[in-house]
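In: I'd like to go over a predicted model; first the sequence, then the structure.
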Amino acid sequence: MSNQVKIQYAVDEKMPVSLAILQALQHVIALFSSVVVVPVIVANATDVPREQLEYIIFATIIVTAVSTLIQAVRIGKIGSGYILFTGTSATFLSCSLVAADIGGFALVATMSVLAAPLEFLIAYFLGKLRKVVTPLAGGVVIMLVAITLIPLSLEMWVGQPGTENYHSPENLLVGLVTFLIIAGFYVFGRPAWRLWGPAVGILGGYISAYFMGMVDLSALKGTSFIGFPPLKWPGFYIDFSPEILPLLVAFAVVTVVGAIETVGDAMVIQRVSRRDFKKVDYDSVQGALYSDGVGNILAGLAGTIPNTTYSGNIAIVELTGVASRQVGIFGAGILVLLAFFPWLNALVMAIPEPVLGASMFIFFALLFVTGLKLVFQSGINSRSAFITGISFWIGFAAENRLFFPDFIPAGTEAFLHNGMAVGGVTAFLLTLLFELFVGKKTTLVLAPNLQELSKLKDFTADLGSVFNLSDKMIFRLQLLCEEIFVFLVGSEPPENSQQKTIRFNFTAGEEGLLVEVKDRSETEDLDAVVFPENLAVASEFELAKLGLALLGKMAQEVAHIRISGVNYISFRLWDSEDQNTAKA
């Protein structure tokens with residue numbers, strides 16, 4: 001089913017306030033326990049005083065709200081402009097436990113602030129990293145997020161070993177009630193009904209668990225309806241010692257892993273949020289990374305654990321078809337209310353784990369398919385198939401400790417036992433290896449004026465002998481390169497053209513001849529240029545762009561992305577008459 005049918009409210013569309021609040025509430029319910037459970041685990045493992053834990057939970061919720069708001073509204077270049085709920089990341093759990101054991105939450109906060117600039121660097125150099133930070137790699141990471149979290153959701157549904165309800169009929173029934181309601185809305189409901197599936201499913205599971213005696217509301221007793229926690233800010237850790245440096249490296253590595261997940265999330269949320277989605281907006285991806293970095297700094301300043309975007313909430317967007325950024329804004333507001341209303345906080349925390357587990361199972365199952373779509377967006381060829389298959393299953397093996405776990409060096413478990421981290425880094429490294437070492441490469445740099453056309457024509461003609469191209473393919477290559485060059489030169493005001501260049505990169509390999517053109521002109525999007533349906537009645541404007549429209553007819557994998565004001569236009573040519581064409 002296409003995006004046009006699925007989406008009820010696209011990202012820029014307004015929706016009734018009451019509906020937006022209810023949609024935001026089900027997002028908050030889905031993520032709330034995950035947001036607070038990591039700092040609680042760290043606090044309990046390191047004997048943090050109760051008053052400080054109350055403050056840490058409060059600070060965690062507030063930072064989650066602010067980070068989510070920034071992602072939704074986009075302040076300047078910071079923020080994606082989409083619904084990207086951002087909260088405490090379990091990816092940081094292992095290194096946070098070590099940091100808290102050495103220096104309490106003060107050291108956790110210090111590490112968070114020191115590692116956060118890495119996300120700004122990745123965002124700033126996203127243009128240079130574009131060949132490895134691809135939808136393919138992002139899709140692999142999202143798939144690995146799903147397979148990492150699906151076992152957790154099933155564990156929550158089944159129950160914790162040693163507890164009273166472990167493997168009990170009650171857990172099974174409560175989870176099934178939740179699962180069947182959500183699935184029923186999605187399978188049998190009209191598109192307008194699907195947006196209520198998660199909320200009704202969780203509520204139905206909550207009610208059924210209550211009548212089975214599985215809802216523990218004891219935390220509500222003695223909890224004030226509204227209140228402010230004691231301000232027990234942990235401060236910063238300044239007593240640095242040699243053991244701190246390896247810890248900082250661990251936080252840096254996990255921060256990069258979190259950035260990889262954010263890149264994947266920022267790509268996926270665009271696909272499920274726009275009716276007219278054509279390609280990834282890399283400026284939005286940059287904004288998501290900048291926002292993530294700001295969130296990590298805020299987390300450190302507040303004295304809590306670093307953040308990352310929550311992939312599971314993207315599945316809720318796809319499931320409900322509600323992508324309006326109003327949901328992200330109201331979600332941030334609800335989180336603030338939960339921070340200042342301990343009674344509501346406790347009520348949400350009382351939702352039984354089988355209810356959350358069953359709902360999360362559906363969300364993460366759909367998330368896996370969403371990541372798969374992102375992989376398919378890149379096209380499936382021998383290269384992409386190798387990267388996807390190897391990276392995914394290496395990540396799977398790492399997550400499940402299937403590959404010589406006894407040989408894992410001490411201190412590296414936080415990384416090497418993290419499937420998302422290992423698989424994601426593998427995808428990026430394999431992509432980089434293909435980029436660096438597979439195929440012959442050559443480059444031509446031209447000044448942005450039409451007098452350089454003859455140089456472009458001569459250079460592309462010489463590529464015939466360099467890359468063993470047929471005459472027919474050389475003709476197509478010259479035609480397309482000249483059309484793009486003229487288009488870019490015409491898009492650049494004369495007063496700006498003196499200090500700029502247009503760079504052509506040619507790479508020949510088994511997948512054909514890849515051409516990438518790079519420049520900084522303020523040009524229109526090539527994807528908006530289409531071949532006229534009827535040349536006899538085509539307008540003068542359409543005829544003027546006829547050469548560019550041929551690009552989509554004569555080449556494959558045509559793409560035009562813009563990052564930080566730089567255009568990257570690429571296409572691939574394959575000589576069907578000569579199967580030896582472009583062999584490296």
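Out: Cool, the structure landed.
In: burial of Gly419, as a residue count?
Out: Gly419: 22 surrounding residues under other C-beta atoms under 10 Å. Using the backbone N, CA and C atoms, a C-beta is placed for each residue, glycine as well.
In: so what's it up against?
Out: By C-beta atoms under 8 Å, 6 or more residues apart in numbering, Gly419 lies in contact with 144, 147-148, 395-400.
In: cool, Pro352 as well?
Out: Going by C-beta under 8 Å, 6+ apart, Pro352 touches 174, 205-206, 209, 214-215.
In: May I have the strand or helix carrying Leu344 as PDB, with CA atoms only?
Out: Using DSSP states H and E, Leu344 maps to helix 342-349. Output of helix 342-349 as PDB, limited to C-alpha atoms (Å, rounded to 0.1, in the frame of the first residue of the first chain):
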ATOM      1  CA  PRO A 342       4.400  12.100  40.300                       C
ATOM      2  CA  TRP A 343       1.000  10.500  40.600                       C
ATOM      3  CA  LEU A 344       0.500  10.300  36.800                       C
ATOM      4  CA  ASN A 345       4.100   9.100  36.500                       C
ATOM      5  CA  ALA A 346       3.400   6.200  38.900                       C
ATOM      6  CA  LEU A 347       0.200   5.400  37.000                       C
ATOM      7  CA  VAL A 348       2.000   5.000  33.700                       C
ATOM      8  CA  MET A 349       4.800   3.000  35.400                       C
END
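In: Give me the contacts around that helix.
Out: Counting by C-beta under 8 Å, 6+ apart, residues outside helix 342-349 touching it are 28-29, 32-33, 36, 57, 61, 217, 219-220, 223-227, 337-339.
In: among those residues, which are in strands?
Out: Using DSSP state E, no member of the contacts of helix 342-349 sits in strands.
In: picking that back up, so how do I select the buried members of the contacts of Gly419 in PyMOL?
Out: The PyMOL selection below is limited to those of the contacts of Gly419 classed as buried (16 or more other C-beta atoms under 10 Å):
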select buried, resi 144+147+148+395+396+397+398+399
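In: Check the contacts of Gly419 and tell me the two furthest apart.
Out: The span of these, defined through C-beta to C-beta, is set by Thr148 and Ala397 at 12.5 Å.
In: Compute the number of surrounding residues for Glu522.
Out: Glu522: 11 surrounding residues under other C-beta under 10 Å.
In: mind listing the helices for the stretch 301-450 of the chain?
Out: 311-320, 325-340, 342-349, 353-377, 382-399, 413-416, 419-437 (DSSP state H, counting those that start in this stretch).
In: so which of those helices comes closest to Ala137?
Out: Proximity to Ala137 (C-beta to C-beta) singles out helix 419-437 among those, at 4.2 Å.
In: quick one: that closest one to helix 382-399, angle?
Out: Going by axes from the mean of the first three to the mean of the last three C-alpha atoms, to 10 degrees, helix 419-437 is angled at 150 degrees with respect to helix 382-399.
In: gap between helix 419-437 and the chain center?
Out: With C-alpha atoms, centre = their mean, to the nearest Å as the basis, helix 419-437 stands 16 Å off its chain's centre.
In: now do stretch 64-75
Out: The answer for stretch 64-75 is 15 Å, by C-alpha atoms, centre = their mean.
In: Any buried residues in it, and which?
Out: By neighbour count on 16+ other C-beta under 10 Å, the buried set for stretch 64-75 is 64-72, 74.
In: circling back: give me whichever of the helices of the stretch 301-450 of the chain is most buried.
Out: helix 311-320 (a mean of 26; mean count of other C-beta atoms under 10 Å).
In: Would you mark the buried spots in the helix or strand harbouring Leu144?
Out: Under the criterion of DSSP H and E, Leu144 resides in helix 135-158. Within helix 135-158, the residues that qualify as buried are 135-150, 153, 156-158, counting by 16+ other C-beta under 10 Å.
In: Kindly report the same for stretch 114-124.
Out: For stretch 114-124, burial by neighbour count (16+ other C-beta under 10 Å) applies to 114-116, 118-120, 122-124.
In: Reformat those residues as CSV; add distance to Leu372 and secondary structure.
Out: Output for the buried residues of stretch 114-124, formatted as CSV (distance: C-beta to C-beta, whole Å; DSSP: H, G, I helix; E, B strand; the rest coil):
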residue, distance to Leu372, secondary structure
Leu114, 36, helix
Ala115, 31, helix
Ala116, 31, coil
Leu118, 28, helix
Glu119, 26, helix
Phe120, 30, helix
Ile122, 24, helix
Ala123, 26, helix
Tyr124, 30, helix
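In: List just the nearest of these to Val249.
Out: Relative to Val249, the closest of those is Ala115; by C-beta to C-beta it sits at 9.4 Å.
In: quick one, what contacts that closest one?
Out: Contacts of Ala115 (C-beta under 8 Å, 6+ apart): 248, 251-252, 254-255, 296, 306.
In: Run a quick neighbour tally on Lys441.
Out: Counted by other C-beta under 10 Å, the residues lying close to Lys441 total 14.
In: got a list of what it touches?
Out: Contacts for Lys441 were tallied using C-beta under 8 Å, 6+ apart; they are 505-508.
In: Strands of the protein, residue ranges please.
Out: Remark: strands assigned in the chain by DSSP E are 86-88, 307-309, 440-446, 502-509, 512-519, 556-563, 566-573.
In: So which of the ones you listed is nearest Gln326?
Out: strand 86-88 (16.9 Å).
In: Neighbours of Tyr186, how many?
Out: Count around Tyr186 with other C-beta under 10 Å applied: 17.
In: same question but for Pro409, I mixed them up
Out: Using other C-beta under 10 Å, Pro409 has 7 other residues around it.
In: For it, give its distance to Leu114.
Out: Applying C-beta to C-beta, to the nearest Å, the value for Pro409 to Leu114 is 23 Å.
In: out of the buried residues of stretch 64-75, who's nearest Ala555?
Out: Distances from Ala555 to those, taken by C-beta to C-beta, are shortest for Arg74, at 33.7 Å.
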